[in-house]
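Trainee: Compute the structure for the input listed below.
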Amino acid sequence: MKLIISVIICTYNPRRDYLDKVLAALKSQTLSLEQWELLFIDNASDQFLSSEIDITWHPNAYHIREEQLGLTPARLRGIKEAKTEILIFVDDDNVLNSDYLEVALQISKDYPFIGAWGGQIRPNFEIEPPEWTKPYWPMLVIREFERDKWSNLLHQHETTPCGAGLCIRKFVAEKYAESLSIQTERIKLDRQGKQLTSGGDSDLAFTACDMGLGTGQFTALKMTHLIPAFRLQLDYLERLAEGMTYSHTIVNSIRGQIPKKPSWRKKLFQYYIRWRLTPNQRRLHDASIRGLDMALKSLTS
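Mentor: Model prediction:
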């Protein structure tokens, strides 16, 4: 039976109980094992995961060690090694619904004009999240919506899939890899160890639009994101807000949406907004402003 899909897990020092759930969900997929391959990319973890993680249950599974630290180098390695025309990136805390691969495959057939797509991402919190964190859940890769949506326009983040469960046609992913070999600074747009930049997934998905295709999000494609307690802490969310604002500003600028320094009127309005915020909101607001300032300095240096 022909291989159709490559599932690519990029991981760095994974939490084992979470990873076990990720692999258990993959074992229970309704799509036959003979129709997809599993590429397990160990991104320079402290211990070699090939000796610790058993993937022999899958007839087309491969341990691959990528020594260049960073989520983007790990994704690029997966793109290079994949043998199929549809790639699905699964993080080490993503628990796919049992029909995820089957639904992703059907979408690829029904929407040939879409180059990158994703679906709904429900949270599974390790602890009860504080109420004040709820407005910031989208930063934790939570996506819940009621209708399918797609677009072939850049900067339409409502239709742009995030990295968790991202599905992409291989020829689009290969174009992305080719472009990064020219603009090597884009390799730094995503996670590197504990660094919380996170624009690489958008950069990857937007490549579909660069090629005249679209991006989309679909209600039938569902997964659960396992969220540990530390990601609900104020310090973590503060670092995340700064990193995300920085990296997404850089991604947008690469594709022509050049940011401008705020005018004095806008700065005055920001001071007014900041004054009305709670202490926690103020810290996250300030973190985003720092991220924007860092991006502006980077773009003008």
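Trainee: in its sheet, what does the longest strand along the chain sit against?
Mentor: Longest strand of the chain, by residue count under DSSP state E: strand 214-227. According to DSSP bridges, strand 214-227 forms sheet pairs with strand 94-96 (antiparallel), strand 114-125 (parallel), strand 149-151 (antiparallel).
Trainee: who wins for proximity to residue 226 among the ones you listed?
Mentor: Closest approach to residue 226 among those (CB to CB): strand 114-125, 5.2 Å. The way it works is simple: take the backbone N, C-alpha and C, and place the C-beta from them, glycine included.
Trainee: Need the strands paired with strand 214-227 in TSV (columns: mean neighbour count, mean pLDDT and distance to residue 11).
Mentor: What follows is those, written out as TSV (neighbours: other CB atoms under 10 Å; pLDDT from 0 to 100; distance: least, CB to CB, whole Å):
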stretch	mean neighbour count	mean pLDDT	distance to residue 11
strand 94-96	23	98	11
strand 114-125	21	98	18
strand 149-151	17	95	29
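Trainee: could I get those as JSON lines with distance to residue 190?
Mentor: Output for the strands paired with strand 214-227, formatted as JSON lines (distance: least, CB to CB, whole Å):
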{"stretch": "strand 94-96", "distance to residue 190": "16"}
{"stretch": "strand 114-125", "distance to residue 190": "15"}
{"stretch": "strand 149-151", "distance to residue 190": "23"}
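Trainee: returning to that earlier point: quick one: buried residues of the longest strand of the chain?
Mentor: Residues of strand 214-227 classed as buried: 214-218, 221-227 (neighbour count, 16 or more other CB atoms under 10 Å).
Trainee: Who are the contact partners of the closest residue to residue 67 other than its chain neighbours?
Mentor: Once flanking residues are discounted, residue 67 sits nearest to residue 44: 5.3 Å by CB to CB, 6 or more residues apart in numbering. Going by CB atoms under 8 Å, 6 or more residues apart in numbering, residue 44 touches 12, 65-69.
Trainee: switch to 7 Å and redo it
Mentor: 12, 66-67, 69 (CB atoms under 7 Å, 6 or more residues apart in numbering).
Trainee: Please enumerate the strands of the stretch 151-300 of the chain.
Mentor: Applying DSSP state E, counting those that start in this stretch to the stretch 151-300 of the chain gives strands spanning 166-169, 214-227.
Trainee: I'd like the average pLDDT over the first one.
Mentor: Computed over strand 166-169, the mean pLDDT rounds to 98.
Trainee: for that strand, packing partners?
Mentor: strand 86-91, strand 114-125, helix 200-210 (3 or more CB pairs under 7 Å, 6 or more residues apart in numbering; DSSP states H and E).
Trainee: The last one: which residues count as buried?
Mentor: If I follow you right, that is helix 200-210. Neighbour counts using 16+ other CB under 10 Å place 200-209 of helix 200-210 among the buried residues.
Trainee: Please tell me I have it right and residue 261 contacts residue 297.
Mentor: No: in this structure, residue 261 is not within contact of residue 297 by CB atoms under 7 Å, at 10.4 Å.
Trainee: Next one: residue 300 from residue 179, what distance?
Mentor: Noted for residue 300: a distance of 23 Å to residue 179, by CB to CB, to the nearest Å.
Trainee: So between those two, which is more surrounded?
Mentor: residue 179 (14 against 7; other CB atoms under 10 Å).
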